[in-house]
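Colleague: Take this sequence and fold it.
(one chain, ligands or ions: 1)
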Amino acid sequence: MTRKFNFSAGPAALPEEVLLQAQAELLDWHDKGLSIMEMSHRSAEYVGVAAQAEQDLRDLMGIPGNYKVLFLQGGATAQFGMVPMNLLRGAESADYINTGVWSKKAIKEAQRYGKVNVVASTEANSFTSAPTQSELQLDPNAAYLHYTTNETIGGVEFDYIPDSSDVPLVADMSSDILSAPIDVSRFGLIYAGAQKNIGPAGLTVVIVRDDLVGQVLPGTPSMYDYKVHADADSMNNTPPTFGWYLAGLVFQWLKRQGGVEAMAELNRRKAAKLYAAIDGSDFYANPVAINNRSIMNVPFTLADAALDKRFLELADAEGLLNLKGHRSVGGMRASIYNAVPEAAVDALIDFMQRFEKEQA
Ligand code: PMP
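Modeller: Numbers count the residues shown, from 1 in each chain. Got it, this is the predicted structure:
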């Protein structure tokens with residue numbers, strides 16, 4: 001078996017330790033004679049696994065007691081609709097910040113349910129920065145303010161938490177949740193698809209403040225009502241049991257690494273090295289404003305796009321996988337989530353430098 005370095009944007013690399021543990025437990029979970037996948041979600045064993053995962057996530061993120069943690073399905077994309085369905089609460093409109101592909105999708109979906117005010121957009125600079133606080137044209141009567149903390153495709157990350165005053169702040173943290181400590185109490189709602197920093201695809205985590213739950217739009221299917229899920233401890237129906245279990249193993253792994261504080265230090269070091277390698281060469285380039293450069297997704301272009309194919313072929317042959325950039329921006333993208341080791345970044349930098357020399 002050779003595990004290669006995986007720079008995929010998602011589904012993304014998982015910690016090897018976690019995969020080995022899942023493998024060891026796969027056929028016979030804790031001497032019960034069956035796998036976790038084959039167990040009722042209502043069994044005492046499974047309910048224990050689910051509750052432990054929630055507690056570990058609460059510990060890791062410092063989630064206050066007046067927030068519900070929900071383990072749902074439908075991806076972050078379902079949240080693009082569930083957020084307005086649950087949080088508009090009779091208000092005329094909601095505020096959205098537009099920093100790229102994922103914000104745009106959230107905006108488009110919200111427009112099906114109410115009026116959306118785009119309070120700032122960086123489209124004019126091709127989404128290569130995030131707006132500053134003073135650029136936000138906030139409406140004090142908005143139902144909520146939505147933003148994407150990290151644009152996975154553009155590699156643009158907010159370097160501050162917007163101040164929305166009394167308006168609940170809603171964040172799509174799909175690609176940077178658990179990458180660094182955050183103050184959850186600043187948010188009304190946080191959501192994230194699991195397949196980057198949490199676990200396998202098929203699970204979505206929602207963290208929502210109690211007072212925002214229970215005022216869903218009339219006619220909303222019960223599966224899209226946060227209250228239904230909150231009241232049932234995310235077991236209104238059969239939850240994605242394997243994904244939830246695996247997320248729990250990832251949370252325990254994160255705790256063993258020293259928690260999100262330790263991950264943040266490592267993530268910053270990994271990103272700093274890679275950006276330094278890009279900036280230190282005339283051959284590679286990253287267009288994002290320095291203070292908004294993502295520590296999770298690092299897009300970069302080569303001096304000549306005609307070389308992209310060869311770069312990817314050679315990288316692949318060396319065991320550096322999934323470096324192709326998103327089709328909308330081209331070039332390369334290295335996603336360096338929590339589970340991507342520093343050695344992967346070192347190997348990538350070494351490869352990039354050799355590739356550049358080969359072109360000279
Ligand atoms: N938001 C962000 C920031 C993302 O990166 C993604 C997926 N790449 C999504 C939303 C959509 O997630 P899903 O595919 O889980 O619906």
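Colleague: Spatially, and excluding backbone neighbours, which residue is closest to the closest residue to the ligand within the stretch 251-360 of the chain.
Modeller: The nearest approach of the stretch 251-360 of the chain to the ligand comes at Asn297, 8.4 Å away (CB to the nearest ligand atom). C-beta coordinates here come from the backbone N, C-alpha and C atoms, glycine included. Distance criterion CB to CB, 6 or more residues apart in numbering; nearest residue to Asn297, sequence neighbours excluded, is Gly155 at 4.5 Å.
Colleague: Could you check how far the one you found is from Pro168?
Modeller: 27 Å (CB to CB, to the nearest Å).
Colleague: Quick check on the two: which one has the bigger neighbour count.
Modeller: Neighbour comparison, Gly155 and Pro168: the larger count goes to Gly155, with 31 against 20 (by other CB atoms under 10 Å).
Colleague: backbone phi and psi for the more buried one, please?
Modeller: Dihedral angles of Gly155 (phi, psi; degrees, to the nearest 10) stand at phi 70, psi 40.
Colleague: Correct me if wrong: it contacts Arg333.
Modeller: Yes: between Gly155 and Arg333 a contact is recorded at 6.9 Å, counting by CB atoms under 8 Å.
Colleague: can you pull the buried residues of the host helix or strand of Glu17?
Modeller: Glu17 is part of helix 16-26, with elements assigned from DSSP states H and E. Across helix 16-26, burial judged by 16 or more other CB atoms under 10 Å covers 18, 22.
Colleague: Which residues does the helix or strand that that helix is followed by contact?
Modeller: Per DSSP H and E, the first helix or strand lying C-terminal to helix 16-26 is helix 44-61. The contact list for helix 44-61 (CB atoms under 8 Å, 6 or more residues apart in numbering) reads 29-30, 32, 36, 39-41, 63, 69, 71, 178, 181-182, 184, 205, 207, 233-235, 239, 241, 244-245, 247-248, 251-252, 254-255, 259-260.
Colleague: same thing but 7 Å
Modeller: Residues from elsewhere that reach helix 44-61 (CB atoms under 7 Å, 6 or more residues apart in numbering): 32, 36, 39-40, 63, 69, 178, 184, 241, 244-245, 247-248, 251-252, 254-255, 259-260.
Colleague: Can you get me a residue count around the nearest residue to Phe5 once chain neighbours are set aside?
Modeller: Nearest non-adjacent residue to Phe5, counting by CB to CB, 6+ apart: Ala344, 3.8 Å away. Ala344 has 21 neighbouring residues, counting by other CB under 10 Å.
Colleague: ok, Ala94 to Val340 distance?
Modeller: Counting by CB to CB - Ala94 and Val340 are separated by 34 Å.
Colleague: which of the two has more neighbours?
Modeller: Between Ala94 and Val340, counted using other CB under 10 Å, Ala94 has the larger neighbour count: 27 against 23.
Colleague: quick revisit: any chance you could list residues touching both of Gly155 and Arg333?
Modeller: If you check Gly155 and Arg333 against CB under 7 Å, 6+ apart, the residues they both contact are 297-299.
Colleague: For those residues, pick the one with the most neighbours.
Modeller: Asn297 (30 neighbours).
Colleague: Wait, that residue touches Tyr337, no?
Modeller: No: using CB atoms under 7 Å, Asn297 makes no contact with Tyr337, being 8.6 Å away.
Colleague: out of the shared contacts of Gly155 and Arg333, which are inside strands?
Modeller: Of the positions in the shared contacts of Gly155 and Arg333, 297-299 sit in strands, assigned by DSSP state E.
Colleague: And those residues, which is closest to Arg310?
Modeller: Pro299 (18.6 Å; CB to CB).
Colleague: Tell me who's in contact with the closest one.
Modeller: 154-155, 286, 325, 329, 331-333.
Colleague: residues in this protein within reach of the ligand, list them.
Modeller: 10, 75-77, 102, 148, 152, 172, 174-175, 193 (CB under 6 Å from any ligand atom).
Colleague: Which members of these are positioned in strands?
Modeller: 148, 172, 193.
Colleague: From those residues, pick the one nearest the ligand.
Modeller: Closest to the ligand, out of all of these and judged by CB to the nearest ligand atom, is Gly193, at 2.9 Å.
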